[in-house]
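[1] following is a predicted model, sequence given first.
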Amino acid sequence: QVQLQESGPGLVKPSQALSLTCTVSGASIETNYHYWSWIRQPPGKGLEWIGYIDYSGDTYYSPSLKIRTSISRDTSKNQFTLHLTSVTPEDTAEYYCARVRLDSPNFVYDYWGQGTQVTVSS
C-alpha cells in the first residue's frame, strides 16, 4: 500500500523559507511515469498545484510560484522536499503531497498525504 506523509514546521515567519518533506512508503519515487507533487489549499480557497518532481528527477512548477519554489528529492530515503522562499501570510495553507500517475492520456492523482498545516505569521 502506498503511503505519503508530510512533515515540516507548522509556523514560519514572513520572509523566511519553508521546507516540507514528503516521505513515501510502498512505492519508489523512481518508478517510471510517476510524478511526485505538492498541492496546497489556503483557508477558504480551492486547491492550488505547486509543482512536481518526476521519476527521473526533472521538475516543473506553477508559473505563479516558480520564482520562489524548488523541489528536490533524496532517493536513498524515498523522500521529496518542497522549498518555498520569501513566504508571506498568503502562503498560509494546508500543504499536501501526492503521487500522480500517467494513465495515458490522463494524469491520475491516486495517493495523497494527509496534509500539514503551515501558518505564516510573525
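    Great, that's in hand. Numbering: from 1, shown residues only.
[2] beta partners of the closest residue to Thr69 other than its chain neighbours?
    In this structure, Thr69 finds its nearest non-sequential neighbour in Tyr61, 4.8 Å apart by C-beta to C-beta, 6 or more residues apart in numbering. Where you see a C-beta, it was placed from the backbone N, CA and C, and this is true even at glycine. Counting by DSSP bridges, Tyr61 is bridged to Gly51.
[3] would you quantify the distance from Tyr61 to Gly44?
    Per C-beta to C-beta, to the nearest Å, Tyr61 is found 24 Å from Gly44.
[4] buried residues in stretch 72-86?
    Across stretch 72-86, burial judged by 16 or more other C-beta atoms under 10 Å covers Arg73, Asn78, Gln79, Phe80, Thr81, Leu82, Leu84.
[5] please apply the same query to stretch 95-112.
    Buried residues in stretch 95-112, defined by neighbour count with 16+ other C-beta under 10 Å: Tyr95, Tyr96, Cys97, Ala98, Arg99, Val100, Arg101, Tyr111, Trp112.
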